[in-house]
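Fold the following, please.
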Amino acid sequence: MVAVSARVARGVLGLGVGLSIGFGAPPAVAGKATVIDMTQTACQFLEAENGVDHDFTTTRRADCEAINARTEARRLTAARIMRLAPGPYVFRIRNRDVPYELGFWLREKDYNWRNPLHKLTKLSVMGGGLMTGESRDYHVELPAGRYLYSCPLNTTPDYELIVGE
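Okay, the predicted model is just below:
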């Protein structure tokens, strides 16, 4: 299931389908949207962490919460900030080997899910149901701004995405 939040203030409707990014190579284009391939493994997105697989072991979300409590600050200091031009994107997310359901959440950096106005005025794209070995696409039109992306089900860090700066 993919949830979509409309950005009324700027007239943009974010349509969620999936995220996957390759940071080192030019992105592929599908129609007018740029495809960004990203791989999730235990507690991390590989591309955001410069392709470094930390070889974490997880059988449930709580494992990643404990791992991130110890390692997240250091990992985010070294993480690569994704930079994109404004436009349409397909984030293709792949669950490489996590033995439980994963998802994806892309939102404006100051998005607060507890604030009902943000659900009407801020961009937020999310979805789940991504089992081991599966990929899912998340479609979104990204205006200039600062964003975060993560997997709440795999409990990854909140990685940064900057559009148009």
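
what are the ranges of the strands in the chain?
2-7, 12-13, 28-30, 33-41, 44-45, 82-84, 87-95, 102-108, 124-130, 135-136, 139-142, 145-150, 159-163 (DSSP state E).

my guess is Lys122 meets Lys109, correct?
No - look at Lys122 against Lys109 with CB atoms under 8 Å: they stay out of range, at 9.6 Å. Every residue, glycine included, has its C-beta placed from N, CA and C.

Looking at those two, which has the bigger crowd around it?
For the pair Lys122 and Lys109, the greater number of neighbours falls to Lys122 (23 against 13), based on other CB atoms under 10 Å.

So in the chain, which helix runs the longest?
Determined from DSSP state H, the single longest helix within the chain is helix 61-78.

So which residues make contact with it?
Taking CB atoms under 8 Å, 6 or more residues apart in numbering as the criterion, the residues outside helix 61-78 that touch it are 42-44, 49-50, 54, 56-58, 100, 153-159.

in it, what's buried?
Using 16 or more other CB atoms under 10 Å as the test for burial, helix 61-78 gives 61, 63-64, 67-68, 72, 75-76.

Show me the residue sitting in the middle of the chain in space.
Central residue check for the chain by CA atoms, centre = their mean: the C-alpha nearest the mean position is that of Tyr149, 3.5 Å away.

wait, it sits on Val163?
No - between Tyr149 and Val163 there is no contact, the gap being 11.6 Å when judged by CB under 8 Å.

Now stretch 41-59 - C-alpha only, CSV.
Only the C-alpha atoms of stretch 41-59 are listed here, as CSV (Å, rounded to 0.1, in the frame of the first residue of the first chain):
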residue,chain,number,x,y,z
THR,A,41,19.8,-4.4,3.7
ALA,A,42,19.7,-4.7,7.4
CYS,A,43,19.2,-1.3,9.0
GLN,A,44,20.5,0.7,6.1
PHE,A,45,20.2,1.9,2.5
LEU,A,46,23.5,0.9,0.8
GLU,A,47,23.8,3.8,-1.6
ALA,A,48,23.3,6.4,1.1
GLU,A,49,26.2,4.9,3.0
ASN,A,50,28.5,5.1,0.1
GLY,A,51,27.9,1.5,-0.9
VAL,A,52,29.3,0.2,2.4
ASP,A,53,27.5,-2.8,3.7
HIS,A,54,27.9,-2.8,7.5
ASP,A,55,26.8,-6.5,7.6
PHE,A,56,24.3,-5.8,10.3
THR,A,57,22.1,-8.8,11.4
THR,A,58,18.4,-8.3,12.0
THR,A,59,15.4,-10.5,12.4
